[in-house]
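Visitor: following is a predicted model, sequence given first.
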Amino acid sequence: MQKQRRRYPTDVSDKEWAIMRELIPERTWYPNLQEPSHTAREMLNAIRYRTRTGVAWRSLPHDLPPWSTVFKTYQKWVREGVLEAAHDALRRRVRRAEGRSEEPTAAILDSQSVKSTDVGGPCGFDAGKKGEGAKATSGGRRTRNVDGCGGDRSLGAGP
């Protein structure tokens, strides 16, 4: 039996767990090995805590399951597609409750959400950046200023 601990704000509520229970598999127990001492709900609580707070795996609080157990469970659920399937099922449920189609028909991506590559090449030479401090800022630059109504109040370039 698990010992009781104080709840964290990131813990799954009973109402949330009633929905998630069918999406998250219970821990597997093999009779010749030690029975799992932490439930799937407690593993999900620990994963949610780490995701929300951004702490390192090794910095999980001591009243949650051991970080290595949580990390291995997380890796297993990612590898088996459990977390993605749960996310997709919950998204469909929310969209259905809002009276929308279960699957989105459009998406918006911007350059800050999606990186084009993780590989950086050699840096090139930019002759325009050879100047010294204030001398370099006086010519050839354009500053844009837009008022609240969308009007352009550009400041001209250079001298």
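Guide: Thanks, I have the structure now. Quantities reported herein were computed from a predicted structural model and do not represent experimental measurements.

Visitor: switch to C-alpha atoms for all contacts and neighbour counts from now on
Guide: Noted.

Visitor: can you pull out the strands in the chain?
Guide: Using DSSP state E, the chain contains no strands.

Visitor: quick one: the helices in it?
Guide: 14-20, 40-53, 67-79, 82-97, 133-137 (DSSP state H).

Visitor: which residues are in contact with the fourth one?
Guide: Applying C-alpha atoms under 8 Å, 6 or more residues apart in numbering, the set of residues contacting helix 82-97 from outside is M20, L23, I24, W77, V78, S101, E102, E103.

Visitor: cutoff 10 Å now
Guide: 19-25, 44, 74-78, 81, 98-104 (C-alpha atoms under 10 Å, 6 or more residues apart in numbering).

Visitor: how about low-confidence regions in the protein?
Guide: The chain contains residues with pLDDT under 70 at 1-3, 29-30, 110-159.

Visitor: returning to what we had before: can you say which of the contacts of helix 82-97 are buried?
Guide: Buried by 16 or more other C-alpha atoms under 10 Å: M20, L23, I24, L44, Y74, W77, E102, out of these.

Visitor: could these be laid out in a markdown table, adding distance to L60?
Guide: Below are these laid out as a markdown table (distance: C-alpha to C-alpha, whole Å):
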| residue | distance to L60 |
| --- | --- |
| M20 | 22 |
| L23 | 24 |
| I24 | 21 |
| L44 | 13 |
| Y74 | 14 |
| W77 | 18 |
| E102 | 35 |
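
Visitor: all good on my end, thank you.
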